[in-house]
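Asker: Just to be clear, the model below is a prediction. Sequence and coordinates:
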Amino acid sequence: MKFNYIKLLIVLFLITTQSTYSQNNIPSVNIKTLDGKPVNSRSIYNKNGLTVYSFWATWCVPCINELDDIHKEIEKWDEANVKIVAISTDDSRTKRRIRPLISGKKWGFKILLDENQDLKRALNINGIPHTIVTNGNKIIYRRIGYKPGEENDLYQFIVKNSKSKN
């Protein structure tokens, strides 16, 4: 019993530490377009609504599943005036897989590259998939991981917060 109590305290500490040291705003970090052009992370937000940042990698099956499920509903998401930005965290060993993957997927959203994982580190992201929603550059939602159906919960959050913004 005492051992389980200690485990619980450790888990609560880690959760508290993660949220304490997480950013409240998107930091200013240069990442790249698929063509290798630099773009500042603070300049890619939706000026007229919310922005969803999905951190993913080609080797991450839940990441691909989440992006596929969002893509299936992209017209509905467009109606909610939300911008979706998928930020690949693939490193130099796996980045060559990005173009073939997205060419086959034909995802209807912006794809950017965080090759050195500078933005991922600046946001204190320890695991992917990691989804962030911002209003301007202010972070209003975070989720780590993905299970089928969670894209619907995310969409409901977006609709609720888009209406309260206007």
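Answerer: Alright, I've got the coordinates.
Asker: Please make it C-alpha for all contacts and neighbour counts, starting now.
Answerer: Will do.
Asker: who are the neighbours in contact with the residue most central in space within the chain?
Answerer: Closest to where the C-alpha atoms of the chain average out (Cα atoms, centre = their mean) is S54, at 2.3 Å. Counting by Cα atoms under 8 Å, 6 or more residues apart in numbering, S54 makes contact with 67, 84-87, 129-132.
Asker: Which of these fall in helices?
Answerer: Among the contacts of S54, the ones falling in helices (DSSP state H) are L67.
Asker: Tell me where the model's unsure across the chain.
Answerer: 1-23, 163-166 (pLDDT under 70).
Asker: run the last query once more with 50
Answerer: Scanning the chain for pLDDT under 50 picks out the ranges 16-21, 166.
Asker: re the thing from before, now, among the contacts of S54, which is nearest to Q117?
Answerer: Nearest to Q117 among the contacts of S54 is I87, at 9.9 Å by Cα to Cα.
Asker: what is I139 paired to in the beta sheet?
Answerer: T134 (DSSP bridges).
Asker: so how far does stretch 115-128 reach from one end to the other?
Answerer: End-to-end span of stretch 115-128 (Cα to Cα, to the nearest Å): 14 Å.
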